[in-house]
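Participant: dropping a prediction and its sequence here:
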Amino acid sequence: MKLQKLLFSVILGGLALTACDEIAENERWGEKTPIANDDEGHWSGPTPETFEKNVLIEDFTGQDCVNCPNAAEEVHHLQEQTLMSYGKQRIIAVAIHGGSMSMSADANARGLATAQGNEFNQHWGVSSWPKGMVDRTDGLCDFVHWAARAMARLSLTSPIDFNIHTTYNPETREVKIEVEGSSTSMKTTTLNVWLTENDIVGYQKMPDGSTNTKYVHNHVFRDNLTSLYGDLVEADADGKYSQTLSYAIPMGYGKGATNEKYYCKPENMSIVVFFTDPVTGQVLHVKDAPVVVAE
């Protein structure tokens, strides 16, 4: 346990160095507070009322944005460090392509921007890139603040917990998603289900001004399976949530649907599920699951 705490402290220190020198008081690093302890001080898991929560980072990005690869690298670094700290992945990221620095999939087979991505950029007031939101709290911020904000959110608990089960049919390319959750304190929440894709090799402007046609894009937003800003769901008398959705994955998106080189790969895709507070809009909990489950 002492070694684990030491490792965690070292990692926090390293992440803090990646952030901007001027960090707001509410963004500063703090110790992870155990959810519950037994008499000997060991971690004993969540109380019946609250659950361990993950954190969502929405990365507003574009293929013509020279600084956006730095933001993507920050996400990768943060995920590596938290995986080392917690032994599991608790940072879920979605790269949302849209706005004037993006390339439309409808106009260019190499493009990753979507109509939804453009809508999100406009809705959240993104006017320069890269920008991001961490659990949809405290508005947009530069990527140098993501680490501190994410770690602060990881110290909190969630009023809900849930699991995702996916089933993929390779003949129809249809994925079935079952979300089952529970809560002891929130009857109404907003359910969001998104589709993302990793390992997309394609065009990207780089920080040195060069163009990289073999850049690997990850966590790319592809589509929403619920309404764009989520669907209201009600817990039953036992505090249980249950929702089943299905989605037929196209061969590709936009002009990429007619060019085999740009076909999407279900084995590289994930379902991202997150619940938000219908009043504050903040993310209560987030998880992801692969579309194609390894046997």
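Facilitator: Cool, got the structure.
Participant: count the residues that sit near residue 269.
Facilitator: Residue 269 has 22 neighbours, counted by other CB atoms under 10 Å. In this view, the C-beta of every residue, glycine as well, is placed from N, C-alpha and C.
Participant: is it true that it touches residue 249?
Facilitator: Yes. Between residue 269 and residue 249 there is a contact at 7.0 Å, judged by CB atoms under 8 Å.
Participant: can you list residues touching both of these two?
Facilitator: Listed as contacting both residue 269 and residue 249 by CB atoms under 8 Å, 6 or more residues apart in numbering are 195, 291.
Participant: SS state for the residue nearest the centre of the chain?
Facilitator: Nearest residue to the geometric centre of the chain (CA atoms, centre = their mean): residue 93, 2.8 Å. Three-state call for residue 93 (DSSP: H, G, I helix; E, B strand; the rest coil): strand.
Participant: for it, give its distance to residue 73.
Facilitator: 12 Å (CB to CB, to the nearest Å).
Participant: ok, now residue 263?
Facilitator: Distance of residue 263 to residue 73, computed by CB to CB: 27 Å.
Participant: where does the chain dip in pLDDT?
Facilitator: Counting by pLDDT under 70, the ranges of the chain that qualify are 1-49.
Participant: the lengthiest helix in it: which residues count as buried?
Facilitator: Longest helix in the chain, counting residues (DSSP state H): helix 68-86. Residues 68-69, 71-72, 74-75, 78-79, 81-82, 85-86 are the ones in helix 68-86 that count as buried (16 or more other CB atoms under 10 Å).
Participant: next one: stretch 124-133
Facilitator: 124, 126, 129-133.
Participant: stretch 234-241 too?
Facilitator: Here stretch 234-241 shows 235, 241 as buried, counting by 16+ other CB under 10 Å.
Participant: which stretches of the stretch 151-295 of the chain form helices?
Facilitator: Read by DSSP state H, counting those that start in this stretch, the stretch 151-295 of the chain holds no helices at all.
Participant: strands along that one, start to end?
Facilitator: Ranges of strands within the stretch 151-295 of the chain are 157-158, 160-169, 174-183, 188-197, 200-205, 211-217, 220-224, 231-234, 240-248, 269-276, 283-290, based on DSSP state E, counting those that start in this stretch.
Participant: out of these, which comes closest to residue 115?
Facilitator: Closest to residue 115 of the strands of the stretch 151-295 of the chain is strand 220-224 (CB to CB; 10.0 Å).
Participant: give me the contact list for that closest one.
Facilitator: Here strand 220-224 has contacts from 94-97, 112, 114, 116-117, 192-198, 200, 247, 253, 264, 269, using CB under 8 Å, 6+ apart.
Participant: likewise stretch 108-118?
Facilitator: Stretch 108-118 has contacts (CB under 8 Å, 6+ apart) with 62-63, 96-99, 102-105, 200, 202-203, 217, 220-224, 228, 252-256, 258-259, 261-262.
Participant: tell me the buried residues in it?
Facilitator: 108-114, 116-118.
Participant: residues contacting residue 293?
Facilitator: Residues near residue 293 by CB under 8 Å, 6+ apart: 166-168.
Participant: let's go with 7 Å and repeat that
Facilitator: Applying CB atoms under 7 Å, 6 or more residues apart in numbering to residue 293 gives the contacts residue 166.
Participant: measure it to residue 135 for me?
Facilitator: Relative to residue 135, residue 293 is positioned 27 Å away (CB to CB).
Participant: chain center to stretch 57-77, what's the gap?
Facilitator: Here stretch 57-77 is found 13 Å from its chain centre; the criterion is CA atoms, centre = their mean, to the nearest Å.
Participant: cool, and stretch 283-290?
Facilitator: For stretch 283-290 - counting by CA atoms, centre = their mean - the centre lies 7 Å from the chain centre.
Participant: and stretch 233-250, end to end?
Facilitator: From its first residue to its last, stretch 233-250 covers 27 Å (CA to CA, to the nearest Å).
Participant: and stretch 286-295, by the same measure?
Facilitator: 24 Å.
Participant: so what's the residue count around residue 202?
Facilitator: The number of residues packed near residue 202 is 21, by other CB under 10 Å.
Participant: mind listing what it touches?
Facilitator: 110, 215, 217.
Participant: with distance to residue 162 added, can I get those in a markdown table?
Facilitator: Output for these, formatted as a markdown table (distance: CB to CB, whole Å):
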| residue | distance to residue 162 |
| --- | --- |
| 110 | 36 |
| 215 | 34 |
| 217 | 28 |
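Participant: closest one to residue 147 out of those residues, please.
Facilitator: residue 217 (21.1 Å).
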